[in-house]
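In: Predicted structure and sequence below. I'll ask about it afterward.
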Amino acid sequence: MSRDPATAETPINFGPVVLGRESTSNGAFGRPVDGVFTAPRNGTVVLVTSVGGAEGSRGAAAALSCAGSGVEQAALLVDVGGRVPRPTLIASASAHRLEERLAARLPALRPAARGEVCHLSVTGDENGLAAAGTAVTAASGGLAVVHVAPALLQTLLEAPGAPRPDAALLRADLEDARPLVALAVDDLLRRGLRVAVLKHRLGWVAERRAGFGALGSDSGGLPEPLLRRLLDLGPKG
């Protein structure tokens, strides 16, 4: 899709997210404008998907899960349509506790404690999305990250019993997919979600460590401003 060079630098505003030339230096494209943090929400369910064929959404979802895990409560990572995960040799006690709760609620599935995160794969049909909703409930208010392919995003948003998200992270290469990103952001904002766009894929090492639930805060994960927006932590300071 071609773009007029004269309009390439023009910012496009969609509520609290600005898509345009003013990207932050940390890789999160777009920045919150005044007032975005005036009405904090509990933001415990975050959707992660890609736009325009961009790669790296699964790694971004895993990194977000690592960022939201703690000693007392592990984050849940649900991969809609993904491969069944395997447990790692080393996992936190909180990840094991969540694994046990999920196994009790969803005996037909195979949750796996991986590092500081508990992973679960579900199918992309109605039954799988309902199972994802059950898993999010079993997570007892902790962070739940739901990775979904773009083709299944609208189905998840509208399916009864599916997780009800508070925020969405879009992995997109803006030079190639700016109009598609604008449409996606507009739709998600209209649904009341907080939205962030990650314009650069994470590095290979960071994605691998995140997949094992072992990505530290200083290991090349998601930028802090993006995390604060998605997790509704308010501005720093």
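Out: Received the coordinates, thanks.
In: Give me the distance from stretch 113-129 to the chain's centre.
Out: 13 Å (C-alpha atoms, centre = their mean, to the nearest Å).
In: Go through it and flag the buried ones.
Out: Buried residues in stretch 113-129, counted by 16 or more other C-beta atoms under 10 Å: 113-122, 124, 128-129. Any C-beta I mention is one placed from the backbone N, CA and C, and that applies to glycine too.
In: Now do the contacts for Ser57.
Out: By C-beta atoms under 8 Å, 6 or more residues apart in numbering, Ser57 lies in contact with Val48, Thr49, Ser50, His147, Arg171.
In: Pull out the buried positions in the helix or strand containing Val46.
Out: In the assignment (DSSP states H and E), Val46 maps to strand 45-51. Within strand 45-51, the residues that count as buried by 16+ other C-beta under 10 Å are Val45, Val46, Leu47, Val48, Thr49, Ser50, Val51.
In: just stretch 169-188 next, same as before
Out: Neighbour counts using 16+ other C-beta under 10 Å place 169-174, 177-178, 180-182, 184-188 of stretch 169-188 among the buried residues.
In: if you look at the residues you listed, which of them are in helices?
Out: Within the buried residues of stretch 169-188, residues falling in helices by DSSP state H are Leu174, Ala177, Arg178, Leu180, Val181, Ala182, Ala184, Val185, Asp186, Asp187, Leu188.
In: any idea which helix or strand comes after the strand holding Val46?
Out: Counting by DSSP H and E, what follows strand 45-51 is helix 57-67.
In: ok, back up a step: could you dump the buried residues of stretch 113-129 into TSV with pLDDT and secondary structure added?
Out: As requested, those are exported to TSV (pLDDT from 0 to 100; DSSP: H, G, I helix; E, B strand; the rest coil):
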residue	pLDDT	secondary structure
Ala113	97	strand
Arg114	97	strand
Gly115	96	strand
Glu116	95	coil
Val117	96	strand
Cys118	97	strand
His119	98	strand
Leu120	98	strand
Ser121	98	strand
Val122	97	strand
Gly124	94	coil
Gly128	96	helix
Leu129	96	helix
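In: just the residues you listed now: which is nearest Leu143?
Out: Nearest to Leu143 out of those is Val117 (C-beta to C-beta; 9.4 Å).
In: The closest one against Ala63, yeah?
Out: No. The criterion here is C-beta atoms under 8 Å, and Val117 misses it with Ala63 at 10.1 Å.
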